[in-house]
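Chemist: let's see this in three dimensions:
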Amino acid sequence: MIKSSLKLVAAIILFASCNQYEKAPSGMPYKITHGSGNEKLLQQGQFVKLNVEYKLKSKDTTLSSTFGVIPVYFPIDTTRLGKYTFTEVIMKCRKGDKVDFSLSIDSLVNMKVLQYNEVFKAKDIILGKVEILDVFTDVKLVDADYKKEQDKEKTKEIGIIAAYLAKNKINAIQSPEGVFVVVKEAGDATNKIDSTKVASVFYKGYTLKGEVFDSNIKPNDSTSKPYDVKVGTGSVIPGWDIGLKYFGKGGKGALYIPAMLAYGPQANGVIKAYDNLAFDIEIKDLGTLTETRTIGSTATTEIGRAQV
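Modeler: Take a look at the predicted model:
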């Protein structure tokens, strides 16, 4: 009976010690949970593929996460490992390991990494989580793996849009690239959009939740001007370059664009990371790249910003 009790106490002490946080040289608390394999420690010059997540402890709010989307890839350079971040202890890890760590908002403010605001408040904590998925020794292998992850993510997004359209009984044409195009009015068949044209477009952009993030359509406002797009030049998100070519001058319809053909992991206001987007559009006019006249407005909008 005494021996059994001693064994139980020993097991509890061992379990507790395995779950205690250590402190990195910067003071960052962390805990490494090793995977089941017999992998070697990470080494200088390797490339690491991992998922990382940051949560605000006080509200249990996710600030950012790559879990369920495209992982992060970065080269291991021991001369450039950060302080007060998980990379500070990355050399203690192996493929399959998990790292839990915590970051004090106060410390990050003192380091001038953050500023106090409505999200980041004094005495709060950011909880971090990392999972090391794979290790590569050649950048070509990294590029190939990243391409696979991009394709997998886009396939998932296309499925989500297809399900949304089916649920809402919206008929759309799917382009080979994965953009869904609703053609309400095709427009002038003799004056269609191509890479030699500048399209003057009225539009309203919104998420699949119906949240409007941008629009140049102002009902009963005669000052509303369309947005000029040099089609096929990369001046807008890829989904626009692809979808606009289904219309001619005077065309009306909608574009449903996978995040990987829009802003991908970039968040901006209403648009969250990996948000699929929709746009109601009207092709007000068409000109050619060689024409000197202005066919619409050249005002900067969300459409012409962050590219994937």
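
Chemist: show me the helices in this structure, by range?
Modeler: For the chain, the helices defined by DSSP state H occupy 2-18, 105-110, 139-167, 238-243.

Chemist: A199 is nearest to which of those helices?
Modeler: helix 238-243 (9.1 Å; C-beta to C-beta). All C-beta atoms are positioned from the backbone trio N, CA, C, and that covers glycine.

Chemist: tell me which residues of the closest one come out buried.
Modeler: P238, G239, W240, D241, I242, G243 (16 or more other C-beta atoms under 10 Å).

Chemist: what is the neighbour count of the residue nearest to the fifth one when sequence neighbours are not counted?
Modeler: Read that as I242. Take I242 and drop its neighbours on the chain: the residue closest to it by C-beta to C-beta, 6 or more residues apart in numbering is V179, 4.6 Å away. Per other C-beta atoms under 10 Å, the neighbour tally for V179 reads 26.

Chemist: contact partners for V179?
Modeler: G239, I242, G243, L255, Y256, I257, P258, L261 (C-beta atoms under 8 Å, 6 or more residues apart in numbering).

Chemist: hang on, the earlier thing: distance to D124 and mean pLDDT for the helices of the chain - can I get that in a markdown table?
Modeler: As requested, the helices of the chain are exported to a markdown table (distance: least, C-beta to C-beta, whole Å; pLDDT from 0 to 100):
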| stretch | distance to D124 | mean pLDDT |
| --- | --- | --- |
| helix 2-18 | 27 | 49 |
| helix 105-110 | 5 | 97 |
| helix 139-167 | 31 | 98 |
| helix 238-243 | 38 | 96 |
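
Chemist: L255 reaches A278, doesn't it?
Modeler: Yes. Counting by C-beta atoms under 8 Å, L255 does reach A278; the two are 6.9 Å apart.

Chemist: nearest spatial neighbour of L133, skipping sequence neighbours?
Modeler: Using C-beta to C-beta, 6+ apart, the nearest residue to L133 is K49, at 4.7 Å.

Chemist: what's the pLDDT at that neighbour?
Modeler: Listed pLDDT for K49 reads 98.

Chemist: that one and G239: what is the separation?
Modeler: 27 Å (C-beta to C-beta, to the nearest Å).

Chemist: same check on P25?
Modeler: 46 Å.

Chemist: what's the answer for Y256, then?
Modeler: 9 Å.

Chemist: common neighbours of those two, please.
Modeler: Shared contacts of Y256 and G239, counting by C-beta under 8 Å, 6+ apart, come down to V179, L277.

Chemist: from the centroid of this protein, which residue is nearest?
Modeler: P265 (1.2 Å; C-alpha atoms, centre = their mean).

Chemist: next one: it from K23, what distance?
Modeler: 31 Å.

Chemist: now, which of the contacts of V179 sits nearest D194?
Modeler: I242 (12.2 Å).

Chemist: list the buried residues in stretch 243-250.
Modeler: Here stretch 243-250 shows G243, L244, K245, Y246, F247, G248, K249 as buried, counting by 16+ other C-beta under 10 Å.

Chemist: now do that stretch: distance to the chain's middle.
Modeler: Computed by C-alpha atoms, centre = their mean, to the nearest Å, the chain-centroid distance of stretch 243-250 equals 28 Å.

Chemist: can you check stretch 79-95 too?
Modeler: 23 Å.

Chemist: any residues touching that stretch, and which ones?
Modeler: Stretch 79-95 has contacts (C-beta under 8 Å, 6+ apart) with 24-28, 30, 32, 34-35, 37, 39-42, 48, 52, 76, 78, 99, 101, 103, 107-108, 111, 113, 128, 130, 132-135.

Chemist: what do you get if the cut-off is 6 Å, keeping everything else the same?
Modeler: 24, 26, 28, 30, 39, 41-42, 99, 101, 128, 130, 132, 135 (C-beta atoms under 6 Å, 6 or more residues apart in numbering).
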